[in-house]
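Trainee: Generate coordinates for the sequence data below:
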Amino acid sequence: MKVVSNTTPIISLASIGKLDILRELFDEIIIAETVYNEIKAKKSYGYEEVESEYITIKVIQGKIYQELLLNQLDLGEAETILLAKEIEVDIVIIDENLGYKIAKNVGLNVTRTLSILLKAKQKGIIKEIKPLLDEMILKGRWYSKTVYQTFLKRVGELE
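Mentor: Model (predicted):
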């Protein structure tokens, strides 16, 4: 299964020491060179983990289309979508709303970090999502109160 990820999901999972969830679910994660550079720009979450043997870095070919996407997205999101289209991936992981919508609109199968955590719970890789979600938030990840509560209620971890 070919999976391309944007920056935020990698940083979010690395911040809680759970980047290996991606490997357990998908075997290999592919990232655009810009995503790699964004993660390596600051010695923070994901900086070391992105050097993993199951993360492959690829350079996008379609630079001509990049400018079109840069009107609405940052460079990492734009390259993630372009790479996903170029190599015909099964899943692309993007958390940001606009990037998610654009990826869906161009026919990609898109998922987010919260859905990755849910899939990991369903497969028995993790037992609970709430403690991990709380830790991600403590480490700087932001979710609205509505998203937080709705998601945890949906997965049966909040009444």
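Trainee: give me every residue that touches residue 21.
Mentor: 13, 116, 117, 120, 125, 126 (Cβ atoms under 8 Å, 6 or more residues apart in numbering). In this view, the C-beta of every residue, glycine as well, is placed from N, C-alpha and C.
Trainee: where along the chain do the strands fall?
Mentor: Taking DSSP state E as the test, the strands found in the chain are 3-5, 29-32, 55-58, 91-93, 110-111.
Trainee: Can you list the helices and strands that the longest helix along the chain packs against?
Mentor: Assignment by DSSP state H gives helix 75-86 as the longest helix of the chain. Applying 3 or more Cβ pairs under 8 Å, 6 or more residues apart in numbering; DSSP states H and E, we find helix 75-86 packed against strand 3-5, strand 29-32, helix 33-40, helix 63-70, strand 91-93, helix 97-105.
Trainee: What's the end-to-end length of stretch 115-131?
Mentor: One end of stretch 115-131 sits 15 Å from the other (Cα to Cα, to the nearest Å).
Trainee: doesn't residue 87 make contact with residue 58?
Mentor: Yes. At 7.0 Å, residue 58 counts as touching residue 87 under the criterion of Cβ atoms under 8 Å.
Trainee: Those two: which has the busier surroundings?
Mentor: residue 58 (16 against 13; other Cβ atoms under 10 Å).
Trainee: and the more buried one, bridged to which residues?
Mentor: Bridge pairing for residue 58 (DSSP bridges) gives the partners residue 32.
Trainee: which residues does it contact?
Mentor: Residue 58 neighbours (Cβ under 8 Å, 6+ apart): 30, 31, 32, 33, 83, 87.
Trainee: List just the nearest of those to residue 112.
Mentor: In terms of Cβ to Cβ, no member of these lies closer to residue 112 than residue 31, at 16.0 Å.
Trainee: For PyMOL, write a command that selects the buried ones of the contacts of residue 21.
Mentor: Only the buried members of the contacts of residue 21 end up in this PyMOL selection, burial being decided by 16 or more other Cβ atoms under 10 Å:
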select buried, resi 13+116+117+120+126
